[in-house]
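Participant: sharing a model prediction with you, sequence too.
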Amino acid sequence: MSDNPANREVAALTAQGQAERDHGRLAQAARRYADALALSRSQNVPLRTAHIARHLGDIYRESGLAQQAEPLLAEAISLYRQNFDTKVLDLANAIRPLALLKTAQGDANSARQLWQEAQILYSAVNVEAGVSECSEHLAKLTRTK
């Protein structure tokens, strides 16, 4: 990725968004990420766009805005699945918030499938915290059948 003004602007917006998120200012974080996402989409940079969409979707999920979160998380997953350069951990990290959302919505079948896939991916890259979280959610879903 070249060091052009638009790339620097996307980087600045995402850094500002992350800082806002770190301080619990989710509405401000969402605005920064939304601006970064629009710019990234206009530049047609799929992996960066997927990363930003995942974060924005997760911010919306954390804010209780499921209708805004779900399409962004689905977009991120789709972009990652379409790109041969996708890192396994990035895909797992995109699936996780959608699994959390589906769990919160009570969609046990979708949640179970997502948690299982995320668990396989986290296991493949030896991220034990991710594997453990997936196992915990899968166990809860099994108990609530």
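Facilitator: In hand now; what should we look at?
Participant: OK, contacts around residue 118?
Facilitator: By Cβ atoms under 8 Å, 6 or more residues apart in numbering, residue 118 lies in contact with 92, 95, 96, 99, 130, 134. For every residue, glycine as well, the C-beta is placed using N, CA and C.
Participant: quick check: buried residues in the helix or strand encompassing residue 68?
Facilitator: Residue 68 belongs to helix 66-82 when assigned by DSSP states H and E. The neighbour-count check on helix 66-82 (16 or more other Cβ atoms under 10 Å) flags 68, 69, 70, 72, 73, 75, 76, 77, 79, 80 as buried.
Participant: does anything pack onto the helix or strand following it? Which helices or strands?
Facilitator: Where DSSP H and E defines the elements, the next helix or strand beyond helix 66-82 is helix 88-104. Counting contacts by 3 or more Cβ pairs under 8 Å, 6 or more residues apart in numbering; DSSP states H and E, helix 88-104 is packed against helix 46-62, helix 66-82, helix 108-124, helix 128-143.
Participant: could you dump the ones you listed to a markdown table with distance to residue 6?
Facilitator: Output for these, formatted as a markdown table (distance: least, Cβ to Cβ, whole Å):
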| stretch | distance to residue 6 |
| --- | --- |
| helix 46-62 | 11 |
| helix 66-82 | 19 |
| helix 108-124 | 31 |
| helix 128-143 | 33 |
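Participant: how is this protein divided into domains?
Facilitator: 1-84, 87-145 (automatic domain parsing).
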